[in-house]
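Visitor: how would this look folded up:
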Amino acid sequence: PAFLTALEVAISGAVKIPTTDYTLSGTTLTFASAPASGTNNIFCRWYSAYAGGVPNDGSVTAAKLAPGAVTAAKLAPGAVESVTDSRIGTSGPAASRNLADNADFRIWTRGESVTVAASGPGMCADRYRIANMSGVAATMAKSTMQVDGVARACGRVSLSAAISSYAANKYLTPFMHVFEGRSVYRYLSPGKSFVVAVAVEVSVAGKYAFAVRNAATSFSYVHTEILTANTPTIVSFTVPIPTTGGLWDCPDTEARGLDLMVCAVGDPQYAAPATDAWQSGNYFTSADCVNWTATAGATVKITRVRLEEGPVLGAYQSKTYDEDKARCAYFLPSLPAGWIGICSWTNATSGYVPYPFKVAARAVPSGLLVSSGLVLHTTSFAISALQYSAATSDQVGAISVTGSGATSVSSSLIYTSGSGSIIFTGAEL
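Guide: Numbering: from 1, shown residues only. Reported below is the predicted structural model:
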């Protein structure tokens, strides 16, 4: 066959999916997993090229076109209204796929207003965090802003007090979107490029920074834009992925892979030596950016966050609400029914039990759900709650257990019976 989709394959009546279940090279058909032993009814049907003459008007649909069949070379000048060579991406259908989760700020697991302490990071809207080392409390709340003439949901960050200047090691990143490594790795390989776009509205006019950096925070790219006060603006820029070995450092795992930081300010040590170029080091602002936090009551709003493969920004896309919700829920760890661990009690009623979650770098879970059919047990205590251990900061590695009873400091086996699981809500990268 001329292409993979011209071949239909079925095993025992079950139709298989091209690329996922099998691949084709010349006349060799290779299955992703071997058919069961004794299977003798592998069905293959080859569809040859259409030879029926000229199709009737209006009879050819998008589904009839093979992937990659329509190229820029096949579009004659002026043949398609409002399309120019500069607006045609080079990476195929995936070029316009938005890799950002909760791009429209529709998912707020922790509530629609979250305040982050004056010193430390905090998760707010799902997949967004405030990286706050400013010395002043910051709040992210759900709001709206006008984009394309429509009031759209957004995140809005404000401070409890103005900050005239930043001392050593002090900074504020009002919005940081953390991309899971596996979500971007296969699209953002060295030598390619990607486009970042954000709808942003600021209350203080001036130059603002938009930055991306690798998982190790050792390689950064800062772009700046001059923004007008109280005017929603779409900021977009293309980022070439570096080819230097080791500097990109985007893992093909569920661990943290790429940070997108919007409108950050801070100590001059975080100002990039140059903009619109990769720099070795942890940078997320520029020396000529405005300190918008010096104005009392200042705010920054963003929505429609985009990270797309390819050099050109396509039409806006986001995941469906259900897909976004599932993607955010995917990062919630759970404990199935069965043995949990041995708890070392720190006093008569509480202690910690180590538990290795799937991903090491998570935010603090904000709550938990216990299935109705699940019963919690320990050999000495009646468990009333299982919580994340504040003693280990935001690196998940222990569960705090609170029970009841009057015994000396000892160890206790913790286990569950019944069906269901314990799910920790609000836990993300």
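
Visitor: Packing partners of the lengthiest helix in the chain?
Guide: Once the chain is assigned using DSSP state H, the helix that runs over the most residues is helix 321-329. Where contact means 3 or more CB pairs under 8 Å, 6 or more residues apart in numbering; DSSP states H and E, helix 321-329 is not packed against any helix or strand. C-betas here are computed from N, CA, C, even on glycine.

Visitor: how about it as PDB, C-alpha atoms only?
Guide: C-alpha atoms of helix 321-329 as PDB (Å, rounded to 0.1, in the frame of the first residue of the first chain):
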ATOM      1  CA  TYR A 321     -13.100  20.600  29.600                       C
ATOM      2  CA  ASP A 322     -13.300  16.800  30.300                       C
ATOM      3  CA  GLU A 323      -9.800  16.300  28.800                       C
ATOM      4  CA  ASP A 324      -8.400  19.100  30.900                       C
ATOM      5  CA  LYS A 325     -10.100  17.800  34.000                       C
ATOM      6  CA  ALA A 326      -8.800  14.300  33.400                       C
ATOM      7  CA  ARG A 327      -5.300  15.600  32.800                       C
ATOM      8  CA  CYS A 328      -5.400  17.500  36.100                       C
ATOM      9  CA  ALA A 329      -6.800  14.500  37.900                       C
END
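
Visitor: ok, so what distance separates Arg256 from Ala216?
Guide: Arg256 sits 9 Å away from Ala216, going by CB to CB, to the nearest Å.

Visitor: out of the two, which sits in the more crowded spot?
Guide: Higher neighbour count among Arg256 and Ala216: Arg256, with 21 against 14, using other CB atoms under 10 Å.

Visitor: Tell me which residues touch Ser25, please.
Guide: By CB atoms under 8 Å, 6 or more residues apart in numbering, the contact set of Ser25 is empty.

Visitor: Run through the bridge partners of it.
Guide: Judged by DSSP bridges, the bridge partners of Ser25 are Thr28.

Visitor: Against Lys16, how distant is it?
Guide: Ser25 is 16 Å from Lys16, where distance means CB to CB.

Visitor: cool, Ala272 as well?
Guide: Distance, Ala272 to Lys16, by CB to CB: 50 Å.

Visitor: between those two, which one's more packed in?
Guide: Taking neighbours as other CB under 10 Å, Ala272 and Lys16 compare with Ala272 leading, 23 against 18.

Visitor: hang on, the more buried one packs against Ser286?
Guide: Yes - with contact defined as CB atoms under 8 Å, Ala272 reaches Ser286; the gap is 5.8 Å.

Visitor: shared neighbours of the two, which are they?
Guide: Going by CB under 8 Å, 6+ apart, residues that sit against Ala272 and also against Ser286 are Val222.

Visitor: how about Ala205, what does it touch?
Guide: 226-229, 290.

Visitor: Can you tell me which of those has the most neighbours?
Guide: Busiest of these [other CB under 10 Å] is Leu227, holding 22 neighbours.

Visitor: thinking again about what came up before, between all of the contacts of Ala205, which two are separated the most?
Guide: Greatest spatial distance among the contacts of Ala205 (CB to CB): Thr228 and Val290, at 12.0 Å.

Visitor: quick one: low-confidence ranges for the stretch 251-400 of the chain?
Guide: Counting by pLDDT under 70, the stretch 251-400 of the chain contains low-confidence ranges at 254-255, 329-371, 373-400.

Visitor: one step back: how about the longest helix of the chain: buried residues?
Guide: The neighbour-count check on helix 321-329 (16 or more other CB atoms under 10 Å) flags 324-325, 327-328 as buried.

Visitor: Could you do stretch 251-265 as well?
Guide: Within stretch 251-265, the residues scored as buried using 16+ other CB under 10 Å are 251, 254-265.

Visitor: So which of these belong to strands?
Guide: Of these, the ones assigned to strands by DSSP state E are 256-262, 265.

Visitor: Kindly tell me how buried Lys170 is, as a neighbour count.
Guide: 19.

Visitor: Phi first, then psi, for it.
Guide: Torsion angles at Lys170 (phi, psi; degrees, to the nearest 10) stand at phi -100, psi 140.

Visitor: Would you check that Arg127 makes contact with Asp101?
Guide: Yes - look at Arg127 against Asp101 with CB under 8 Å: they come within range, at 4.6 Å.

Visitor: what sits in contact with each of these two?
Guide: Joint contacts of Arg127 and Asp101 (CB under 8 Å, 6+ apart) are 177, 328.

Visitor: ok, Val262 to Arg182 distance?
Guide: With distances taken as CB to CB, Val262 is found 23 Å from Arg182.

Visitor: Surely Ala66 is in a strand?
Guide: No - read with DSSP: H, G, I helix; E, B strand; the rest coil, Ala66 is coil and lies in no strand.

Visitor: so how many other residues sit close to it?
Guide: 11.

Visitor: Next: Val70.
Guide: Residues lying near Val70 (other CB under 10 Å) number 13.

Visitor: cool, and Arg182?
Guide: Here the number of neighbours of Arg182 (other CB under 10 Å) works out to 14.

Visitor: tell me the secondary structure for it?
Guide: Here Arg182 is helix, with the state taken from three-state DSSP.

Visitor: ok, now which ones touch it?
Guide: For Arg182, the contact set (CB under 8 Å, 6+ apart) comprises 251-254, 257.

Visitor: Specify which member of those residues is nearest to Glu308.
Guide: Closest approach between those and Glu308, by CB to CB: Gly257, at 15.6 Å.

Visitor: pLDDT wise, what is Tyr22 at?
Guide: Among the per-residue scores, Tyr22 holds a pLDDT of 86.

Visitor: which stretches of the stretch 1-150 of the chain form strands?
Guide: In the stretch 1-150 of the chain, the strands defined using DSSP state E, counting those that start in this stretch lie at 7-11, 14-15, 22-25, 28-31, 42-46, 113-116, 120-123, 128-132, 138-147, 150-159.

Visitor: hmm, who's touching the fifth one?
Guide: With contacts defined as CB under 8 Å, 6+ apart, strand 42-46 is touched by 1, 6-11, 13, 29, 35.

Visitor: swap the cut-off to 7 Å and go again
Guide: Strand 42-46 is contacted by residues 1, 6-11, 29, 35 when judged by CB atoms under 7 Å, 6 or more residues apart in numbering.

Visitor: Next, give me the two most distant ones among those residues.
Guide: Farthest pair in the contacts of strand 42-46, by CB to CB: Ala6 and Pro35, 21.4 Å.

Visitor: ok, what's across the strand from the closest residue to Thr144 other than its chain neighbours?
Guide: Closest residue to Thr144 apart from its sequence neighbours, by CB to CB, 6 or more residues apart in numbering: Ala151 at 4.5 Å. Assessed by DSSP bridges, Ala151 has beta-bridge partners Gln146.

Visitor: Could you measure from Ala151 over to Arg45?
Guide: To Arg45, Ala151 is 52 Å away according to CB to CB.
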